[in-house]
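S.K.: Sequence and predicted structure are below.
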Amino acid sequence: DEVRVEREWHGFSIEFEGSGSVGILDPLAMIAALTNAFVLVGMSTLAVDQIGQLISEQFYDDKYEDDGEREGLESMLAAMASEKSPGVPFDPKALRLMNEVNRPGMSYETAI
């Protein structure tokens, strides 16, 4: 009382065979891989920027947020170059000691 089932399988058969040399530097392959990496990073940045523009009108304002840090650094550089206090990135007369209620009070020059 055995039941015998015969099946025919149809489809594709894909086989991979490894080849090549290990430990040999191929400059052309390296340049191609680096180029592909940079192109993929650039394309992904472009895609994210395009999608961001479609979703939000202020995308670029958020992406390149200017919180005044550059102006602060430029004023520090200008103060360092001034003749009043050479090499110091701020005006020493602007320094104030904090009082009990965390408000600027007496200057350091007066305290000394």
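M.R.: Cool, got the structure.
S.K.: Show me where the protein has its helices.
M.R.: 27-55, 59-63, 69-81, 108-111 (DSSP state H).
S.K.: Arrange those helices in a markdown table, one row each, with mean pLDDT as further columns.
M.R.: Below are the helices of the chain laid out as a markdown table (pLDDT from 0 to 100):
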| stretch | mean pLDDT |
| --- | --- |
| helix 27-55 | 95 |
| helix 59-63 | 81 |
| helix 69-81 | 78 |
| helix 108-111 | 70 |
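S.K.: for the ones you listed, which one sits closest to residue 100?
M.R.: helix 108-111 (15.0 Å; CB to CB). Where you see a C-beta, it was placed from the backbone N, CA and C, and this is true even at glycine.
S.K.: re the thing from before, so can I have TSV of the helices of the chain showing mean neighbour count and distance to residue 15?
M.R.: Shown next, in TSV, are the helices of the chain (neighbours: other CB atoms under 10 Å; distance: least, CB to CB, whole Å):
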stretch	mean neighbour count	distance to residue 15
helix 27-55	10	24
helix 59-63	12	48
helix 69-81	11	58
helix 108-111	10	80
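S.K.: Could you point out which of the ones you listed sits nearest residue 12?
M.R.: helix 27-55 (28.2 Å).
S.K.: Switch the helices of the chain over to CSV; also include distance to residue 90.
M.R.: Listed next are the helices of the chain as CSV, based on distance: least, CB to CB, whole Å:
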stretch, distance to residue 90
helix 27-55, 37
helix 59-63, 29
helix 69-81, 6
helix 108-111, 12
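S.K.: Just the C-alphas of stretch 99-112, formatted as CSV.
M.R.: Output of stretch 99-112 as CSV, limited to C-alpha atoms (Å, rounded to 0.1, in the frame of the first residue of the first chain):
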residue,chain,number,x,y,z
ASN,A,99,25.9,88.2,42.0
GLU,A,100,23.6,86.1,44.2
VAL,A,101,20.7,86.2,41.7
ASN,A,102,22.9,85.3,38.8
ARG,A,103,23.0,88.7,37.3
PRO,A,104,26.2,90.4,36.0
GLY,A,105,27.5,92.6,38.7
MET,A,106,30.9,94.1,39.5
SER,A,107,33.6,93.9,36.8
TYR,A,108,36.7,91.8,37.4
GLU,A,109,38.9,94.9,37.2
THR,A,110,37.0,96.6,40.0
ALA,A,111,37.1,93.4,42.1
ILE,A,112,40.9,93.0,41.7
